[in-house]
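what would the 3D arrangement of this be:
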Amino acid sequence: MDNLQSTTTLHNGVKMPWFGLGVFKVEEGNEVINSVKTAIELGYKSIDTAAVYGNEDGVGKAIAESNVPREELFITTKLWNSNQGYESTLQAFEESMNKLKLDYLDLYLIHWPVPELNKYKESWKALEKLYKDGRVRAIGVSNFKEHHLKDLMADCEIKPMVNQVEYHPRLTQSSLHSFCKENQIQLEAWSPLMQGQLIDHPTLQEIADKYNKSTAQVILRWDIQNEVVTIPKSVKPHRIKENANIFDFELNSEDMEKINSLNENHRVGPDPDDMNRY
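Below is the predicted model:
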């Protein structure tokens, strides 16, 4: 984990960067194209989008216009709730690939379990097919709690390689994190900065001052040291650069513990058990 290109190895042997750019709520068109191009120019290798973000076209354009070979990049997108089910998942995947203009995807995730729909097992079978067909290098889920994972793993042929969840100092999900580690499922953080709500936190500010870093950099470094892949979103070039500048320092165990102790099980996004919008 000593530079921006450092990777974790998923249980199928695929290498995934520890750090990337998330593009949730980044506008389609110039905003997303410029953000992704800036990130790639700065050395980011991982870009995370989703069908529901409505910006896969722009992400695809930015990838095409960058001078980095496709095989050096790690691109993730996600299946939206309304497209769950076997055939509809395969169709949604093709739509995403057409927008991204890619021959293959590095990681495809089921965006939410949506328990009310009860279709994530069917969707997972479609992901397994895409994986076996070589269309996707790795498959996983997003926002799955332990009980969703256990339910899925009881019937699946290939277990998820990644679980992307809301994760930040106010929501550390330590039990889920332990479960994922035990089962070789890589945990990945969305909203690592709690949508900016932690930037002025006094404990984090105090730690940041000590290392001569920003609070955002301290939180992102904490993610990495906890072995959680992280994908902060930004549209500002200086912030995209600053976010990635976390590989020249290390938090000591006391400071890691101070940050761990900020947990309040507080979510800024929906609880996956209640998320039934589709």
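
from Lys101, how far off is Ala189?
As judged by CB to CB, to the nearest Å, Ala189 and Lys101 stand 28 Å apart. C-beta: built from backbone N, CA, C; applies to glycine.

specify which residue of these two has the higher count of neighbours.
Between Ala189 and Lys101, counted using other CB atoms under 10 Å, the more crowded position is Ala189 (25 against 13).

excluding chain neighbours, what is closest to the more buried one?
Tyr167 (3.7 Å; CB to CB, 6 or more residues apart in numbering).

contacting residues around that neighbour?
Applying CB atoms under 8 Å, 6 or more residues apart in numbering to Tyr167 gives the contacts 173, 187-192, 223, 228.

same question, Glu157
Glu128 are the contacts of Glu157 under CB under 8 Å, 6+ apart.

where does it sit: helix, strand or coil?
Here Glu157 is recorded as coil under DSSP: H, G, I helix; E, B strand; the rest coil.

show me which positions of the longest helix seen in the chain end up buried.
Using DSSP state H, we find that the single longest helix of the chain is helix 86-100. Residues of helix 86-100 classed as buried by neighbour count (16 or more other CB atoms under 10 Å): 86, 88-90, 92-93, 96-97, 99-100.

what do you get for stretch 54-69?
Buried residues in stretch 54-69, counting neighbours by 16+ other CB under 10 Å, are found at 55-63, 66.

for Leu117, state which of those is nearest.
Leu117 lies nearest to Glu56 out of those, by CB to CB, at 22.4 Å.

separation between the closest one and Trp80?
For Glu56 relative to Trp80 (CB to CB), the value is 11 Å.

which of the contacts of Tyr167 sit farthest apart?
For the contacts of Tyr167, the maximum inter-member distance is 13.5 Å, found between Leu187 and Ser191 (CB to CB).

out of the buried residues of stretch 54-69, who's nearest His266?
Closest to His266, out of all of those and judged by CB to CB, is Asn55, at 27.8 Å.

identify the residues contacting that closest one.
Asn55 neighbours (CB under 8 Å, 6+ apart): 23, 26-28, 32, 49.

please apply the same query to Gln84.
Applying CB under 8 Å, 6+ apart, the residues near Gln84 are 110, 114, 117, 119-120, 122-123, 278.

you'd agree Ala244 is up against Asn3?
No. Counting by CB atoms under 8 Å, Ala244 does not reach Asn3; the two are 9.5 Å apart.

looking at the two, which has the bigger crowd around it?
Taking other CB under 10 Å, Ala244 and Asn3 do not tie; Ala244 has more neighbours (21 against 11).
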